[in-house]
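Undergrad: after the sequence you'll find the predicted model.
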Amino acid sequence: MNLMKPGLALLGLIVAAPAAYAQDECGSVSIAEMNWASAGLAAWVDKIILEEGYGCDVELVTGDTVPTFTSMNEKAQPDVAPELWVNAVKVPLDAAVDEGRIVIASEILTDGGVEGFWVPTKIAEENGIKTIEDALAHPELFPGAEDESRGAFFSCPSGWACQIITENQTRALDIADKGFDLVDPGSAAGLDGSIARAFNRDEGWLGYYWAPTAILGKYEMTRLDLGVENDKEAWDSCTVVNNCPDPKLNEWPRSDVFTAVTKEFAESNAVTMDYLGKRAWSNDTVNELLAWMGDNQATNEDGAWYFLENYADVWTPWVSEDVATAVKDAI
């Protein structure tokens, strides 16, 4: 079935179980609080709205993409994964949806997850940089390599799948012959630190990054045009393969990011399903929230309350007027 049309995943269940969808009570809900910032924030937004607005009893459980999906698929627990990055579990998720164990409630990130090569917007505008080749023509603008005569191209941290992709992409771009060295930041913190350092020094920065993230909420960055489309066959057979012998430049596929629930939950909790079906936000909104959380050393719960207090125009369309009033009264 086509996961890009999450509403269709619900249609059969709604028709097959109209009595379940007529229920007015919310009851107990278990939600995965994933171990990355945007997903943890989403879990707390759901918890507060469902508890304060609908009277649900919400339990948050620690999660991560593969183990959470596996548990939902095999044990029907937890009930909800608010932010499931589909590319990481696409094949088994397709099977679980087709076989009726998992239901896609909504596409939580309206822009999808975004990956690519980025530069500071100020540097891009001052130097007419719009494409990756434009950036590679100016190694002098991007310091940070051990050899100061060469430009730095920052890779994805060691051990992440995107490190393999970045290495293949940069080999396809032949960055070494264009005056650049590929720099391993060592960790996510190292990668973030290299960007913060460049902005603090008003210097250029070139490398891999993704959205939504606090960094892109705090610093104005421009994603570079690679000048090619995504070739799925080449992506699967080479771009994501370690030491692919002859990589070609390949645009990142859009990362679908969905809210997934178990079939049992979808059939028994109409109140929550109605809310989850409407709940979605943009990368820009999440970037801003994550930046605020980083600046204020805020927890996921802090970020959720901040969102509800300051972004009513975003969340009130997800709920009825009565529910919105109840949530506002709790703020």
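TA: Happy to help now that I have it. Numbers count the residues shown, from 1 in each chain.

Undergrad: quick check: closest non-adjacent residue to residue 54.
TA: residue 26 (4.6 Å; C-beta to C-beta, 6 or more residues apart in numbering). C-beta here means a position set from N, CA and C on the backbone, and glycine is covered the same way.

Undergrad: tell me which helix or strand of this structure sits lowest on mean pLDDT?
TA: Least confident element among the helices and strands of the chain, by mean pLDDT, DSSP states H and E: helix 18-21 (a mean of 33).

Undergrad: any idea how far the helix or strand just after that one is from the chain center?
TA: Next helix or strand after helix 18-21 toward the C-terminus (DSSP states H and E): strand 28-34. Relative to the centre of its chain, strand 28-34 is centred 18 Å away, using C-alpha atoms, centre = their mean, to the nearest Å.

Undergrad: what does stretch 317-331 contact?
TA: Stretch 317-331 is contacted from outside by 48-49, 52-54, 275, 278-279, 305, 308-309, 312, 315-316, using C-beta atoms under 8 Å, 6 or more residues apart in numbering.

Undergrad: cutoff 7 Å now
TA: Contacts to stretch 317-331, defined as C-beta atoms under 7 Å, 6 or more residues apart in numbering, come from residues 49, 52, 53, 54, 275, 278, 279, 305, 308, 309, 316.

Undergrad: same question, stretch 210-218
TA: Stretch 210-218 has contacts (C-beta under 7 Å, 6+ apart) with 37-38, 109, 113-115, 192, 195, 209, 283, 286-288, 290-291, 293-294.

Undergrad: residue contacts, residue 191?
TA: Per C-beta under 7 Å, 6+ apart, neighbours of residue 191: 154, 157, 185.

Undergrad: state the mean pLDDT of stretch 274-288.
TA: Mean pLDDT, computed over stretch 274-288, is 96.

Undergrad: CA atoms only: put it into CSV for me.
TA: The C-alpha atoms that make up stretch 274-288 are tabulated as CSV, following Å, rounded to 0.1, in the frame of the first residue of the first chain:
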residue,chain,number,x,y,z
ASP,A,274,-9.0,12.0,15.5
TYR,A,275,-6.4,14.2,17.2
LEU,A,276,-3.4,12.4,15.7
GLY,A,277,-4.9,12.5,12.3
LYS,A,278,-4.8,16.3,12.4
ARG,A,279,-1.6,16.8,14.3
ALA,A,280,1.3,18.0,12.1
TRP,A,281,3.9,20.7,12.0
SER,A,282,6.6,22.2,9.8
ASN,A,283,10.3,21.8,10.0
ASP,A,284,10.6,25.6,10.6
THR,A,285,8.4,25.4,13.6
VAL,A,286,10.3,22.4,15.1
ASN,A,287,13.7,24.1,14.3
GLU,A,288,12.5,27.2,16.2
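
Undergrad: ok now that stretch, how far from the chain's centre?
TA: 11 Å.

Undergrad: and that stretch, what's buried?
TA: 274, 275, 276, 277, 279, 280, 281, 283, 285, 286, 287, 288 (16 or more other C-beta atoms under 10 Å).

Undergrad: what does that stretch contact?
TA: 38, 49-50, 105-111, 114, 211-213, 216-217, 259, 261, 311, 314, 317-319.

Undergrad: 8 Å instead, please
TA: 7, 10, 38, 41, 45-46, 49-50, 54, 80, 105-111, 114, 211-214, 216-217, 259, 261, 311, 314-315, 317-319.

Undergrad: which of those residues count as buried?
TA: By 16+ other C-beta under 10 Å, the contacts of stretch 274-288 give 10, 38, 41, 45-46, 49-50, 54, 80, 105-109, 111, 114, 211-214, 216-217, 259, 261, 314-315, 318-319 as buried.

Undergrad: tell me which of the contacts of residue 191 fall in helices.
TA: Within the contacts of residue 191, no residue falls in helices by DSSP state H.

Undergrad: so which of these comes closest to residue 122?
TA: The closest of the contacts of residue 191 to residue 122 turns out to be residue 154 (C-beta to C-beta; 17.5 Å).

Undergrad: which residues touch the closest one?
TA: Residues in contact with residue 154 (C-beta under 8 Å, 6+ apart) are 144, 183, 185, 191, 194, 205, 206, 207, 208.

Undergrad: let's see it at 6 Å
TA: Applying C-beta atoms under 6 Å, 6 or more residues apart in numbering, we find residue 154 in contact with 183, 185, 194, 207.

Undergrad: what about the second one, distance to residue 88?
TA: This points to residue 185. Distance, residue 185 to residue 88, using C-beta to C-beta, to the nearest Å: 22 Å.

Undergrad: which of the two has more neighbours?
TA: residue 185 (22 against 14; other C-beta atoms under 10 Å).

Undergrad: which ones are touching that one?
TA: 154, 157, 191, 194.

Undergrad: quickly check those for the two that are furthest apart.
TA: 157 and 194, at 10.8 Å, using C-beta to C-beta across the contacts of residue 185.

Undergrad: can you list the weak-confidence ranges in the protein?
TA: 1-24 (pLDDT under 70).

Undergrad: so which residue is smack in the middle of it?
TA: residue 113 (4.3 Å; C-alpha atoms, centre = their mean).
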